[in-house]
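Q: Compute the structure for the input listed below.
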Amino acid sequence: MERSWFKYRILLIYTIISVVILNGIYDVSKSVIDELFHVEQGLNYCYGFFQEWNPKITTLPGLYLLTLLTPRCSLYNLRMIPLVCSVINFYLIYGIRLMLIDDKNDRGRLKVLIDTMSIATLPPLYFFSFVYYTDVPSMTSILLTFYFALKEKYQLSSIFGLFSFLMRQTNIVWVAGIFGTSVINDMMKEIYPKIKLEESTFSQLLFSIKTHLKQPRMLFKLIGQTIKKYYGYILVIIKFLIFLVKNGSLVVGDKTAHPATLHLSQALYFSLFTLIFGFSLWFHNIWSFIKQIRNKRFVISIISIAILMALIIRYNTIVHPYLLADNRHYTFYVWNRLYGRNEYMRYLLIPVYIFGMYVICKSLHGSIGFKLFYIISTLLTFCLQGLVEVRYFLIPFVILRLFRKDVVKKWTFIEFLINVFLNYVTIKIFHTIQIKWPDFDEPQRIIW
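A: I've put the predicted structure just below:
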């Protein structure tokens, strides 16, 4: 009983500290970059003006529908929505991690709690708990979709999947990923009744597909069971396709600024993001990576991957105008002082990207279906985006962290301390550095 109460004490401390930070950010800034459009739209919904829509907004109205739950229409209350979602995320992360581990005794629960503290304080995610953006509520809707899917409450999961799509259109790839993973798992269980899905292989998947295709009765049985069991996901995907056809684009509002663009370099940036914010993922994998270098096949693979990465950097590095113009984001400074200043620096980072990819592959656990759809969903999340934004990496990174298996308590706790330090620096910079923009009356601040 004492151990279970400890979790709620940590959650209470997390909430109190977050409220203090929210108040501090509210005192120094009443308008944070694109929050200007979100707040205006949120207040319209809060007051019942549902027909008014700002054409600069590119997402569906999921965030603004949440304003209907606020007791009073104000900027502070709107900013409170992501904060409440952040607290809910803490609870959901703990619950999902607990479901996925084998060791559920006090020692295992302590590991899960430390892991939860680290994931919940992920700096680019945690900062957006204090401003009226879609990122944190979007994460909440995705976590709820995964949470109820793991509990096999698929229709409830699909409802939150629909809301995640309303929050941000690209979230549909995760709804489709959950659906696809579930169907593949059912199909493989039909062929291998005693299989441990976490140990399933790609060859077993291919054999399962071939067997179903060769036996129409088995295939039609699977299709019938799929429709009956997962009709909620199917309806969400159909609604998305209808939206895509009618809208003519994935984004609403300003379509010219965010056209779908093949941008494979984003995968390289994600590997770097994973290394920067995933200390507990890579630190204990350094030695295993070094040992693999003795293997000739591994070295040949690395050389091949390095050549592929060099070609991607050379021919598919896209520099969005916003990346060069908006000095209120950290990516502006990283690009202009690192990537943009010296073109050769992009190639010098290839070994780092390779190690990052290695860490991602080593950290990815679950059934072969999950691994397959994780890779597909992750690439679709950001490889069709021309603009480089760390916010695009949040959901893939958090899901990677949720489904990892090997948790080393001391490295995870160090990662948590690193996150606390980075959050302190981020918030300190937000409070102290002011940037004058002609379109805004008050000074602008630097954010992720």
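Q: so after the helix or strand hosting residue 137, what's the next helix or strand?
A: Counting by DSSP states H and E, the element that carries residue 137 is helix 135-150. Counting by DSSP H and E, the element after helix 135-150 in chain order, helix or strand, is helix 154-167.
Q: In terms of secondary structure, what does that following helix contact?
A: helix 62-65, helix 135-150, helix 172-191, helix 216-247 (3 or more C-beta pairs under 8 Å, 6 or more residues apart in numbering; DSSP states H and E). No exception for glycine: its C-beta is placed from N, CA and C like everyone else's.
Q: Run the chain-centre distance for stretch 144-153.
A: 17 Å (C-alpha atoms, centre = their mean, to the nearest Å).
Q: what is the orientation angle of the helix holding residue 137 with helix 172-191?
A: Inter-element angle recorded for helix 135-150 and helix 172-191: 10 degrees (by axes from the mean of the first three to the mean of the last three C-alpha atoms, to 10 degrees).
Q: Can you tell me what sits against helix 135-150?
A: Identification of contacts with helix 135-150 by C-beta atoms under 8 Å, 6 or more residues apart in numbering yields 62-63, 66, 81-83, 85-86, 88-89, 92-93, 95-96, 99-100, 125, 128-129, 154, 156-158, 160-161, 163-164, 167-168, 171, 174-175, 178, 182, 391, 394-395, 398-399, 402.
Q: Could I get the buried residue list for it?
A: Residues 135-149 are the ones in helix 135-150 that count as buried (16 or more other C-beta atoms under 10 Å).
Q: where exactly do the helices run in the stretch 201-350 of the chain?
A: In the stretch 201-350 of the chain, the helices defined using DSSP state H, counting those that start in this stretch lie at 202-214, 216-247, 265-277, 279-282, 286-292, 296-315, 321-325, 330-334, 343-348, 350-363.
Q: With just CA atoms, put the third one into PDB.
A: Think helix 265-277. The C-alpha trace of helix 265-277 is given here as PDB (Å, rounded to 0.1, in the frame of the first residue of the first chain):
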ATOM      1  CA  SER A 265      16.600  13.400 -43.900                       C
ATOM      2  CA  GLN A 266      14.000  13.700 -41.100                       C
ATOM      3  CA  ALA A 267      14.800  10.100 -40.200                       C
ATOM      4  CA  LEU A 268      18.400  11.100 -39.700                       C
ATOM      5  CA  TYR A 269      17.400  14.000 -37.400                       C
ATOM      6  CA  PHE A 270      15.100  11.600 -35.500                       C
ATOM      7  CA  SER A 271      18.100   9.300 -34.800                       C
ATOM      8  CA  LEU A 272      20.000  12.400 -33.400                       C
ATOM      9  CA  PHE A 273      16.900  13.400 -31.400                       C
ATOM     10  CA  THR A 274      16.900   9.900 -29.900                       C
ATOM     11  CA  LEU A 275      20.500  10.100 -28.800                       C
ATOM     12  CA  ILE A 276      20.100  13.600 -27.300                       C
ATOM     13  CA  PHE A 277      17.000  12.800 -25.200                       C
END
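Q: In terms of secondary structure, what does it contact?
A: Contacts defined by 3+ C-beta pairs under 8 Å, 6+ apart place helix 265-277 against helix 279-282, helix 296-315, helix 350-363, helix 368-382, helix 394-402.
Q: Check the fourth one too.
A: If you count contacts as 3+ C-beta pairs under 8 Å, 6+ apart, helix 279-282 packs onto helix 265-277, helix 350-363, helix 409-432.
Q: May I see the buried residues of the longest one?
A: Within helix 409-432, the residues that qualify as buried by neighbour count (16+ other C-beta under 10 Å) are 411-413, 415-416, 418-420, 422-423, 426-427, 430.
Q: Might you list the low-confidence residue ranges for this structure?
A: 1-4, 257 (pLDDT under 70).
Q: Excluding sequence neighbours, find me the nearest residue to the residue nearest to the spatial centre of it.
A: For the chain, the residue sitting closest to the mean C-alpha position, by C-alpha atoms, centre = their mean, is residue 395 at 0.7 Å. Leaving aside its chain neighbours, residue 395 sits nearest to residue 142 (5.7 Å; criterion: C-beta to C-beta, 6 or more residues apart in numbering).
Q: same question, residue 378
A: Spatial nearest neighbour of residue 378, excluding adjacent residues (C-beta to C-beta, 6+ apart): residue 396 at 4.2 Å.
Q: who's in contact with the nearest residue in space to residue 339 that is not next to it in sequence?
A: Spatially, and ignoring its direct neighbours in sequence, residue 339 is nearest to residue 346 (5.7 Å; C-beta to C-beta, 6+ apart). By C-beta under 8 Å, 6+ apart, the contact list for residue 346 reads 313, 317, 339.
Q: Please apply the same query to residue 51.
A: With C-beta under 8 Å, 6+ apart, residue 51 has no contacts at all.
Q: Can you classify it as helix, strand or coil?
A: coil (DSSP: H, G, I helix; E, B strand; the rest coil).
Q: Number of residues surrounding residue 210?
A: 11 (other C-beta atoms under 10 Å).
Q: measure it to residue 37 for me?
A: 51 Å (C-beta to C-beta, to the nearest Å).
Q: try residue 423
A: Distance of residue 423 to residue 37, given as C-beta to C-beta: 26 Å.
Q: go on, residue 143?
A: From residue 143 to residue 37 the distance is 26 Å (C-beta to C-beta).
Q: Out of the helices of the stretch 201-350 of the chain, flag the one nearest residue 46.
A: helix 216-247 (24.5 Å; C-beta to C-beta).
Q: Now do that closest one: which elements does it pack against?
A: Packing partners of helix 216-247 (3+ C-beta pairs under 8 Å, 6+ apart): helix 154-167, helix 172-191, helix 202-214.
Q: out of the ones you listed, nearest to residue 252?
A: helix 154-167 (11.0 Å).
Q: And the contacts of the closest one?
A: The contact list for helix 154-167, computed with C-beta under 8 Å, 6+ apart, reads 59-63, 65, 134, 137-138, 141-142, 144-149, 171-172, 174-175, 178, 182, 229-233, 235-236, 239-240.
Q: That helix: which residues count as buried?
A: Buried, per 16+ other C-beta under 10 Å, within helix 154-167: 154, 156-167.
Q: With only the CA atoms kept, save it in CSV.
A: The C-alpha coordinates for helix 154-167 follow below in CSV (Å, rounded to 0.1, in the frame of the first residue of the first chain):
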residue,chain,number,x,y,z
TYR,A,154,-10.7,-1.8,-28.9
GLN,A,155,-13.9,0.2,-29.5
LEU,A,156,-13.0,2.6,-26.7
SER,A,157,-9.5,2.8,-28.1
SER,A,158,-10.8,3.7,-31.5
ILE,A,159,-12.9,6.5,-30.0
PHE,A,160,-9.7,8.1,-28.7
GLY,A,161,-8.1,7.3,-32.0
LEU,A,162,-10.7,9.4,-33.7
PHE,A,163,-10.1,12.2,-31.3
SER,A,164,-6.3,11.9,-31.9
PHE,A,165,-7.0,12.4,-35.6
LEU,A,166,-9.1,15.5,-34.7
MET,A,167,-6.2,16.7,-32.6
